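A.B. asks: here is the input, now give the coordinates:
(one chain, ligands or ions: 1)
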Amino acid sequence: SKTIKSKRIGLSKNDIKDSFLENLFFHIGRVPKGATIMDYYQALAYTVRDRVFKEFVTTVKRISDEDLRVVAYLSAEYLPGPHLANNLLSLGITEQTAAAMAELGIDMEELILQEEEPGLGNGGLGRLASCYLDSMATIGIPSIAYGIRYEFGIFEQHIKNGLQEEYTDKWLQYGNPWEVVRSEIGYNIMFGGSTKHVTDSNGNFTVNWIPDSKLRGTAYDTPILGYKGYGSILRLWRAEAIDTFDFSAYNKGDYYKAVQEKILSENITKVLYPNDEQETGKELRLKQQYFFVSCSLQDLIRLHLLQGRILDTLHEKFAIQLNDTHPAIAVAELMRLLVDDYQIDWDKSWNITQRCFGYTNHTLLPEALEKWSIPLFRRVLPRHLEIIYEINHRFVQELKYQHGCSDEQLSRMALIDHSGEGSIRMAHLATVGSHKVNGVSALHSELLKKHVLYDFAQLWPDKFCNVTNGISPRRFIALSNPLLTGLITETIGSGWLTDLKELSKLENMAEDPTFQNKWMAIKQTNKASLSDHIKLETGISVDPSMMFDVHVKRIHEYKRQHLNVLNILHLYLQIKKGNNKDMIPMAFIFAGKAAPGYFMAKLIIKLITAVGDLINQDTEVNDKLKVIFLPDFSVKKAQHIYPAADLSEQISMAGKEASGTGNMKLSLNGALTIGTLDGANVEMMEEIGMDNFFLFGLNAEEVQHKKQGNYKPGDHYVHNLHLREVMDFLISGALSPENPKLFQPIYEQLLYDDPYMIMADFESYLISRAKVYEEWGNQSNWTKKSIINVARMGKFSSDRSIQDYSSLIWKIDSFQNRP
Ligand code: 26Q
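C.D. replies: Sure thing, here's the model as predicted:
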C-alpha cells in the first residue's frame with residue numbers, strides 16, 4: 001500500500017478535485033455538463049472510497065503481518081447511517097473536499113443529502129453495533145463485523161390520516177458505492193433434510209447431513225474507517241442460488257421451476273424483519289440467522305487456516321461476540337463445523353467453542369426472549385437439533401451429578417423447554433456456549449443475574465459482567481452538531497473526540513455568561529434548523545423559542561409514549577380552562593417506527609397525531625403548545641433532531657429498558673433529561689448529578705413489588721383529578737369525532753390492566769415536569785445545567801464501552817496500546 005502514492009488518493013483540495021472529475025468520467029460515464037446531483041454524489045462517494053481503501057488496506061496488512069487477535073462481531077442488524085460525511089470526517093478532509101466541490105460550483109452539503117442510509121436494523125441494537133464498529137476502528141481493535149445484506153431494510157414510514165403506513169425501503173435502487181462484492185468469498189449453506197450416522201471403514205463415527213436444499217452466501221464488504229485512526233470492515237452476506245438455473249428442469253421445458261429455485265434462495269436475505277421483539281415461528285427468520293452465522297464462521301475458519309494455523313487455536317485468534325441471541329445458533333454451528341467437518345472430538349470442540357464466544361443480552365422482556373419451536377427447528381436444521389440435544393444432555397448431567405441440582409432447577413435451566421410442542425431457549429444456548437455473558441447497563445446486568453439468568457449466575461458467577469452501552473461521539477456530536485463541536489473544540493481543544501472524558505474541562509465554563517450565551521445561541525440555531533425541517537415535512541410551524549421536548553425512539557408500550565401524551569392533554573385542558581398564566585410554550589416532538597403488526601403501538605401513533613391535529617390548529621392553545629410527529633425516524637433524521645432538543649424524554653417503566661442509547665445522544669447534545677431510574681438513565685444520573693436531571697416514577701424494585709401486590713390502576717383514576725380529566729377526555733370523542741371509540745383500547749388497558757404502570761407514575765411525572773418549567777424559567781440556570789450535562793457525559797462514549805469489552809471479555813489489545 002506504500003506504493004499507492006498517486007494523487008488518486010491525495011488529500012489536498014486539488015487532488016480531490018481531480019479524482020472527483022476522473023471518477024465522474026470513468027465510474028459514472030459523465031462530464032460535469034449533463035451530470036445530475038446523483039451522479040455527483042456517486043462520483044464523490046467513489047473519490048472518498050478510494051481514500052478509505054488505502055487506510056483500510058494498511059490496517060488489514062498490519063493484522064496479518066503481526067498475526068493479531070481479532071474480534072468477530074456477529075449481529076443480525078446494523079444501522080451505520082450515511083457513510084459519506086462520516087468518512088470525510090474520519091479522513092479529516094471535510095474542508096478541502098467542500099472547497100474542491102465549491103470550485104466546481106457544487107454544494108457538498110447537497111451531495112451529502114443524496115445518500116440513502118442502510119437501514120439494516122430496527123433500532124438501538126443495530127445502531128449500537130455500528131457505534132461499536134466505529135469505536136473499534138477508531139481505537140484500533142482488530143475487528144470484522146458480520147451481518148446480513150438485506151435487500152430491503154427497515155420499512156419507510158409514511159403517515160396518512162395520522163396512521164403509520166409501511167413502504168418498501170429501496171436503499172440499493174441507485175447502487176451502493178460504499179460496498180465491494182467479493183464474488184470469490186462465498187460459502188455453501190445447507191437447509192433441511194435429514195442426518196445419517198455412519199461408521200466409516202476405519203471405524204470412525206461420523207454424521208452426514210443430507211440437506212434438501214443448498215444455497216450460496218456471497219460477501220459484500222463495506223470498509224469502515226475510524227476517526228483519524230484505523231480501519232475495520234463490515235462484511236454482509238447475500239443469499240444466492242448455487243446454480244442460476246436448475247438445468248434438468250430447464251431442459252424439460254419447465255422454465256418457471258428452473259427460475260424458482262433461484263428466487264427461493266435469494267429470498268433469505270430479501271427483507272429485514274421489522275420487529276424489535278420476538279417474531280414467533282417465522283421459518284425465514286431462522287434461516288436468515290443460520291445463513292449469516294454459518295457464512296461468518298466458515299469465513300473465520302478459512303481466514304484462520306489461511307494464516308497457516310490449526311483449528312485447536314481458533315479461540316486464541318478470534319473473540320466472537322454475539323449481539324443478542326439472534327446469532328446464537330453459532331454455538332451449535334461451530335460445534336458442527338469442528339466435530340462433523342473437521343473431525344475434532346466433542347470435548348475439544350466444546351472447549352474451543354466456549355472460549356470463542358461472548359454473549360451480550362439486550363432484553364429482560366420475557367416475550368422478547370428468543371425461542372424456536374422444535375418441529376420447526378428440526379425441519380430447517382436437523383443436525384443442529386441433534387447437537388443442541390447433545391449439549392443439553394451433557395449440561396444437564398453436569399448440573400445433576402457435579403452440582404446436585406434439583407429437577408426443578410434442571411427444567412428451569414435446560415436448553416429445551418418441554419412445554420407444548422417443545423422449544424429451544426436461545427438465551428440458554430448462548431449462555432452455556434459462551435465464556436462471558438454481559439448486560440448493557442449496570443441495572444440491566446444486575447436484573448439479568450437476578451431474574452432471567454438467575455440460575456446460571458448462581459452456577460457461574462464469574463461468567464457474568466456488565467458493559468454499559470455507549471455512543472459514538474463522532475457521529476452523534478461531531479457530525480450531527482458541528483456548531484457545538486466547534487465551540488467545544490475552541491474551548492478545550494480537540495482531544496475530547498477520542499477521549500470523551502476531556503469534556504469535563506467544560507465544567508469551568510458552566511457559569512461563564514459569555515460562554516453560556518454562545519451555547520444558547522447554538523441551541524437556538526439548531527432549533528431553527530429543525531423547525532424549518534418540520535415545516536417542510538409536516539407543514540406545521542414551530543416557533544424555535546419554544547422549549548423542544550423530544551421523545552424519539554421505537555414506539556413501544558413499555559417506552560410509554562402515551563404517558564407523555566397524557567401530560568400533553570393535561571396541559572391542553574389547563575389552557576382550555578384558562579389556567580395558563582405562566583405556562584411555558586412547548587413543542588412536543590415525537591418520532592419512531594412501530595412494528596407493522598403491533599396494534600397498540602400503531603394506535604399510539606394515531607393518538608399522538610390526533611392530539612397534534614387538535615392542538616396545532618386551535619388558536620387558543622397553539623401559541624403555547626405544538627405536537628409534532630416526524631415521520632420515518634432514521635439515523636439521518638436523528639442527527640438532525642438531537643442537536644435541537646431542550647428536554648429528553650426517557651420515561652420507560654423502570655426495569656424494562658435494558659439501557660437506552662438515545663438518552664445518551666440527547667444529553668451529549670445538551671438536552672436535560674426527564675426520566676425514570678431505568679437502564680443507563682441510572683448511571684447517567686449518577687454522573688450528571690440529581691440536580692441536573694429530572695427524576696420521577698417508581699424504581700424497578702417498587703414496580704416489581706407493586707406488581708406482586710394487587711395493583712389497581714383504577715385507584716389512581718379515582719384519586720387524581722387531573723388523571724381522571726385526561727382519561728375521560730381520551731374517550732370523549734373530541735380526539736376522534738369520526739370514531740369516538742378509537743382510543744378505547746388504550747383507555748381500557750390503562751384503567752383495568754396498566755402493565756406499564758402509567759397510572760401509577762402519572763402524578764410523579766407531573767411533579768417532575770413542574771420542576772422542569774421552574775428551571776426553564778431561568779435560562780442562564782438552564783444553560784448552566786445543559787453545559788454540565790455535556791461535561792459529564794464522558795463515560796458514555798462507545799470508545800469506553802469497547803475498552804471494557806476488550807479488557808473484560810475479549811482480552812485484546814488495541815493498536816493504540818501496543819508499540
Ligand atoms: C428477534 C427475533 C425475530 C425478529 C426480530 C427480533 C428482534 C430484532 C431486533 C428482537 C430485538 C431487536 C432489537 C432489540 C433492541 O434494539 N434492543 C435495544 O438494544 C439497545 C442496545 O443495547 C438498548 O439500549 C435498548 O434498551 C434495547 O431495547
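A.B. asks: C-alpha from now on. contacts and neighbour counts both.
C.D. replies: Noted.
A.B. asks: what residues does the stretch 551-700 of the chain put near the ligand?
C.D. replies: 657-661 (Cα under 6 Å from any ligand atom).
A.B. asks: let's see if you can find the most crowded of the residues you listed.
C.D. replies: residue 659 (28 neighbours; other Cα atoms under 10 Å).
A.B. asks: helix or strand for it, which one?
C.D. replies: For residue 659, there is no helix or strand it lies in under DSSP states H and E.
A.B. asks: isn't it up against residue 679?
C.D. replies: Yes - with contact defined as Cα atoms under 8 Å, residue 659 and residue 679 form a contacting pair (3.8 Å).
A.B. asks: tell me the SS of the most far-flung residue of the chain relative to its centre?
C.D. replies: In the chain, the residue that sits farthest from the middle, by Cα atoms, centre = their mean, is residue 201; the gap is 51.1 Å. Assigned by DSSP: H, G, I helix; E, B strand; the rest coil, the conformation of residue 201 is coil.
A.B. asks: returning to what we had before: okay, and the common contacts of residue 659 and residue 679?
C.D. replies: 441, 444 (Cα atoms under 8 Å, 6 or more residues apart in numbering).
A.B. asks: what bits of this protein have low per-residue confidence?
C.D. replies: Residues of the chain meeting the criterion pLDDT under 70: 1-5, 244-251, 818-819.
A.B. asks: near the ligand, which residues of it?
C.D. replies: Counting by Cα under 6 Å from any ligand atom, the chain sits next to the ligand at 122-125, 128, 273, 275-279, 362, 440, 657-661.
A.B. asks: helices along the stretch 351-500 of the chain, start to end?
C.D. replies: Assignment of helices within the stretch 351-500 of the chain using DSSP state H, counting those that start in this stretch yields the ranges 374-380, 382-401, 407-413, 426-432, 442-450, 454-459, 473, 482-492.
A.B. asks: what's the closest of those to residue 149?
C.D. replies: Proximity to residue 149 (Cα to Cα) singles out helix 374-380 among the helices of the stretch 351-500 of the chain, at 21.0 Å.
A.B. asks: and the closest one, what does it pack onto?
C.D. replies: helix 283-306, helix 382-401 (3 or more Cα pairs under 8 Å, 6 or more residues apart in numbering; DSSP states H and E).
A.B. asks: point out the most buried one among those helices.
C.D. replies: helix 283-306 (a mean of 20; mean count of other Cα atoms under 10 Å).
A.B. asks: distance of residue 315 relative to residue 369?
C.D. replies: 27 Å (Cα to Cα, to the nearest Å).
A.B. asks: then residue 330?
C.D. replies: Distance from residue 330 to residue 369, by Cα to Cα: 17 Å.
A.B. asks: among the two, which residue is more densely surrounded?
C.D. replies: For residue 330 versus residue 369, neighbours defined as other Cα under 10 Å are more numerous around residue 330 (27 against 19).
A.B. asks: find the nearest non-adjacent residue to that one, please.
C.D. replies: residue 293 (5.8 Å; Cα to Cα, 6 or more residues apart in numbering).
A.B. asks: over to residue 771?
C.D. replies: Of all residues not flanking residue 771 in the chain, residue 694 sits nearest, at 7.6 Å (Cα to Cα, 6+ apart).
A.B. asks: what's across from the one you found in the sheet?
C.D. replies: Counting by DSSP bridges, residue 694 forms beta bridges with residue 674.
A.B. asks: tell me who's in contact with it.
C.D. replies: 672-675, 768-769, 771-772.
A.B. asks: and if we set it to 7 Å?
C.D. replies: 673-675, 768 (Cα atoms under 7 Å, 6 or more residues apart in numbering).
A.B. asks: got TSV for those, with neighbour count too?
C.D. replies: Below are the contacts of residue 694 laid out as TSV (neighbours: other Cα atoms under 10 Å):
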residue	neighbour count
673	28
674	23
675	24
768	18
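A.B. asks: need the helices of the stretch 351-500 of the chain in TSV with distance to residue 77, can you?
C.D. replies: TSV is the format used below for the helices of the stretch 351-500 of the chain (distance: least, Cα to Cα, whole Å):
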stretch	distance to residue 77
helix 374-380	22
helix 382-401	23
helix 407-413	28
helix 426-432	17
helix 442-450	21
helix 454-459	27
helix 473	21
helix 482-492	28
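A.B. asks: and stretch 312-327, end to end?
C.D. replies: 22 Å.
A.B. asks: typo on my end, stretch 789-806
C.D. replies: Note: stretch 789-806 ends 27 Å apart using Cα to Cα.
A.B. asks: give me the residues contacting it.
C.D. replies: Under Cα under 7 Å, 6+ apart, the answer for stretch 789-806 is 131-132, 135-136, 467-473, 500-501, 503-507, 664, 667-670, 672, 687-688, 812-813.
A.B. asks: 6 Å - rerun?
C.D. replies: Residues outside stretch 789-806 that contact it (Cα atoms under 6 Å, 6 or more residues apart in numbering): 135, 469-472, 500-501, 503-504, 506-507, 668, 670, 687-688, 812.
A.B. asks: from the residues you listed, keep the buried residues only.
C.D. replies: 135, 469-472, 500-501, 503-504, 506-507, 668, 670, 687-688, 812 (16 or more other Cα atoms under 10 Å).
A.B. asks: among the residues you listed, find me the one that's closest to the ligand.
C.D. replies: Nearest to the ligand among the buried ones among the contacts of stretch 789-806: residue 469, at 6.3 Å, using Cα to the nearest ligand atom.
A.B. asks: tell me which residues touch the residue nearest to the closest one when sequence neighbours are not counted, please.
C.D. replies: What sits nearest to residue 469 in space, not counting adjacent residues and going by Cα to Cα, 6+ apart, is residue 440, at 5.4 Å. Listed by Cα under 6 Å, 6+ apart, the contact partners of residue 440 are 467-469, 659.
A.B. asks: and for residue 182?
C.D. replies: By Cα under 6 Å, 6+ apart, the contact list for residue 182 reads 219-220.
A.B. asks: and whichever strand or helix holds it, how far out from the chain's middle?
C.D. replies: Assigned by DSSP H and E, residue 182 belongs to strand 180-191. Distance of strand 180-191 from the chain centroid (Cα atoms, centre = their mean, to the nearest Å) equals 26 Å.
A.B. asks: quick one, it and helix 283-306 angle?
C.D. replies: If you take axes from the mean of the first three to the mean of the last three Cα atoms, to 10 degrees, strand 180-191 sits at 110 degrees to helix 283-306.
A.B. asks: which parts of stretch 778-797 are buried?
C.D. replies: Result for stretch 778-797 [16+ other Cα under 10 Å]: buried residues 780, 782-797.
A.B. asks: swap in stretch 273-282?
C.D. replies: Those would be 273-279, for stretch 273-282 by 16+ other Cα under 10 Å.
A.B. asks: strand partners (parallel or antiparallel) of the strand holding residue 182?
C.D. replies: Short version: by DSSP bridges, strand 180-191 pairs with strand 213-225 (antiparallel).
A.B. asks: C-terminal to the strand it pairs with, what's the next element?
C.D. replies: strand 231-240.
A.B. asks: who does that following strand pair up with?
C.D. replies: strand 143-148 (parallel), strand 213-225 (antiparallel).
A.B. asks: circling back to that earlier point, buried ones in the strand holding residue 182?
C.D. replies: 186-191.
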